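Participant: Structure for the following, please:
(chains A and B)
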There are 2 protein chains.
Amino acid sequence: MRLRDLLPGKKVRMLDPHSVGVVDRSTVHFAQPLLLQSGVQLPYFQLAYETYGELNEQRDNAILICHALSGDSHVAGYYTDDPEEKPGWWDEAVGPGKMFDTNQYFVICSNVIGGCRGSTGPSSLAVDGRRYALRFPVITVQDMVRAQTYLIQHLGIQTLFATAGGSMGGMQALQWAVDYPDRVKNVLFIASTPVSSAQNIAFNEIGRQAIYVDPNWKRGDYYGSAKYPDAGLAVARMIGHITYMSEYSLESKFGRRLQARTDIHYTFDTEFAVESYLHYQGYKFTERFDANSYLYITRALDYYDVAQGYGSMEAALERTQADFLVVSFSSDWLYTRDQALTLVQPLQALGRDVEYHHVEASFGHDSFLVEVETMNEIVGGYLTRRYAALRTE
Amino acid sequence: MRLRDLLPGKKVRMLDPHSVGVVDRSTVHFAQPLLLQSGVQLPYFQLAYETYGELNEQRDNAILICHALSGDSHVAGYYTDDPEEKPGWWDEAVGPGKMFDTNQYFVICSNVIGGCRGSTGPSSLAVDGRRYALRFPVITVQDMVRAQTYLIQHLGIQTLFATAGGSMGGMQALQWAVDYPDRVKNVLFIASTPVSSAQNIAFNEIGRQAIYVDPNWKRGDYYGSAKYPDAGLAVARMIGHITYMSEYSLESKFGRRLQARTDIHYTFDTEFAVESYLHYQGYKFTERFDANSYLYITRALDYYDVAQGYGSMEAALERTQADFLVVSFSSDWLYTRDQALTLVQPLQALGRDVEYHHVEASFGHDSFLVEVETMNEIVGGYLTRRYAALRTE
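Facilitator: So this is what the prediction gives:
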């Protein structure tokens, strides 16, 4: 008799031996100030984080996964046993036997500073007991990483076996090796760039402008209002979303298919499936994301330049002691092969150990989440080799 | 003594023998109804247009240039002798000795139906004496072309030597040859597509959503209000603008250059030159464009499919009797080479005379306006050869 037969009328999630299962989100509060790159100090801060797997005795099997713009600490697993619940944002990658094999590694992920998913950000309370809103200081990727060092310290880890991430996560993974060279052994830099381009900045700014247009944004002071700037945030998300997909993904998924109709209606209402999809993506996002956090995190993306504070990219990269896995995707037009190469080439020139893969993939920037089999080989393979080498050192 | 010395303190425009000089915009009113593709009738309509050069006795040297989303009838020349005035949108192309040589050809351009630059559109008065606003019927590229047939008739021209246009102008140029096959001898289809893709629709829809977010839009009923939906329209324009430029154009023009400062200020105010440029482009656009027209024209773009009404692209193209010049640009990611080929290949299969050029160019979709020398050769050369052949027929 199967489990589902015991519980008539109630769906249960099928047991998956490769899932991390039900997990908890933890929060750690740091009472000391965080000095930001701008020179401003956050008087105190907290980070929401999750861990999967076990830290070994040598404390040398920890991997920090860093999330992208819209991500959070919930990489894998479920919060409840509700079979309708969707798993974490990179569940395909983290679990027993997966590329980040939790039988082997202790995997950590924390929500970035500036975020809205448990870490201190613009929606958090300031010293005066009111929400920061735009009083929150502008933060950078470097600040996100600095905040993470407190968490890693808190977890009793001196050196990370790896930092890893796609998109903005890749920037953080890289920055760890630049700012804290003796604290990370491997950097997994996926679908990312060491410096945001003019086009990257342009898309981010247009998203912010869409939020500013929303009358419910009120220059950031909407917390506690009946209405939040959902419409503006949804447009910002739609703009972002389109940069994550290739022309091919949109064409193959939707083409010119009409939404729930067989004939054109000649109207501004939703005609095309691709419109319906964008609306859904936009509005779904507003249920879980804070518009002000979107402003802060996109601004951090704009500012991202690995050279910042070190004079040049070479000077910054010369500090690194880690080995590197760099992956780019052929149809990723947000962070292109050329942008990946601006990291790979100077690292190689500096004699660093760099494994670079340019993957033929159709699904644009999102390929790093979608191409599970290829990523399993590349990322899983890289980690396995490096971890074996570490064990026999 | 030079002319400028005669007028101290007053700048005068230098005389340019290749300019069409000061031109006038004309308007023609059609008292009869225009039947639209949706089945709705516009009870009457008007078109704003300009002409350059002279119609010859045989009336066989007329070229209709069709404009893109944000264009109008003012292709070339100036309205005044104010030396600060910028010329028409394709001034480089139209004039004595230019690719559309006004010594040779009679060049016509009209503002599209649905527009806001003199032709009937949502800002026009309806029968009840009030502005149409969203009561204006949804229009298509096919409708724009149908309206143009009235103008061509009005000008006493039976057959056009050529229809020509870039982007949405290319769609109109093509549609002429499909809907009115005996009335056009050559189609110049530049940086365009015979059918809008899912990505094309997505970008258009996001632009419209940005307008909807603006509280001053008021579901289109803003005419006569103190405030117009400029902020939303500006965001829509910024979205559009970024699709007209290549990553390279943005990078080479702006990179990460800061705007009027030497250090990062860590602020949401304008930091980067590329932001300043986008703001300028967005707001400048609101001075000359109507938000509702932007909705209608982008919707026409979404609907654009040369096959519409004919069952298939082959069936549509089989109707054509014209010869074709098709040009695409390597860095144009709005209307790509692949999209151009979806027209070129079936035309060739049908045995049509097609000259196809894929131009290596760095400036994205805007290349067709920017690459003057190459376009002179390709477009000018094509027209010269065809016109010579016509004269010796």
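Participant: burial count for A:L15?
Facilitator: 8 (other CB atoms under 10 Å in any protein chain shown). For glycine as for every other residue, the C-beta is placed from the backbone atoms N, C-alpha and C.
Participant: wait, A:T159
Facilitator: For A:T159, the neighbour count with other CB under 10 Å is 13.
Participant: correct me, but it touches A:V184?
Facilitator: Yes: between A:T159 and A:V184 there is a contact under CB atoms under 8 Å: 6.9 Å.
Participant: Just to be sure, A:V28 is in a strand?
Facilitator: Yes: according to DSSP: H, G, I helix; E, B strand; the rest coil, the state of A:V28 is that of a strand.
Participant: That one: what's it in contact with?
Facilitator: Residues near A:V28 by CB atoms under 8 Å, 6 or more residues apart in numbering or on different chains: A:Q46, A:L47, A:Y49, A:Y150, A:L151, A:H154.
Participant: Which strand residues bridge it?
Facilitator: A:L47 (DSSP bridges).
Participant: roughly how far apart are it and A:C116?
Facilitator: 17 Å (CB to CB, to the nearest Å).
Participant: now A:T342
Facilitator: Look at A:T342 and A:C116: by CB to CB, they are 31 Å apart.
Participant: just A:R25 next, same as before
Facilitator: The gap separating A:R25 from A:C116 is 13 Å, by CB to CB.
Participant: just A:V344 next, same as before
Facilitator: In terms of CB to CB, A:V344 sits 33 Å off from A:C116.
Participant: that older thread, of A:T342 and A:C116, give the one with the bigger neighbour count.
Facilitator: Shown here are A:T342 and A:C116; by other CB under 10 Å, A:C116 has more neighbours (22 against 17).
Participant: per-residue confidence at that one?
Facilitator: Predicted confidence (pLDDT) for A:C116: 98.
Participant: That one and A:S123 touch, don't they?
Facilitator: Yes: using CB under 8 Å, A:C116 is in contact with A:S123, at 5.3 Å.
Participant: Mutual contacts of those two, please.
Facilitator: A:D290, A:N292, A:S293.
Participant: By neighbour count, which of those residues wins?
Facilitator: Neighbour max across those (other CB under 10 Å) = A:N292, 27 neighbours.
Participant: Check whether that residue really touches A:G114, as I assumed.
Facilitator: No: if you go by CB under 8 Å, A:N292 and A:G114 don't touch, sitting 9.1 Å apart.
Participant: tell me, what's touching these two both at once?
Facilitator: By CB under 8 Å, 6+ apart, the residues touching both A:N292 and A:G114 are A:G121, A:P122, A:F136.
Participant: most neighbours, which of those residues?
Facilitator: A:P122 (26 neighbours).
Participant: wait, doesn't it sit right on A:L134?
Facilitator: Yes: applying CB under 8 Å, one finds A:P122 in contact with A:L134, separated by 6.9 Å.
Participant: any shared contact partners between those two?
Facilitator: Joint contacts of A:P122 and A:L134 (CB under 8 Å, 6+ apart) are A:G220, A:N292.
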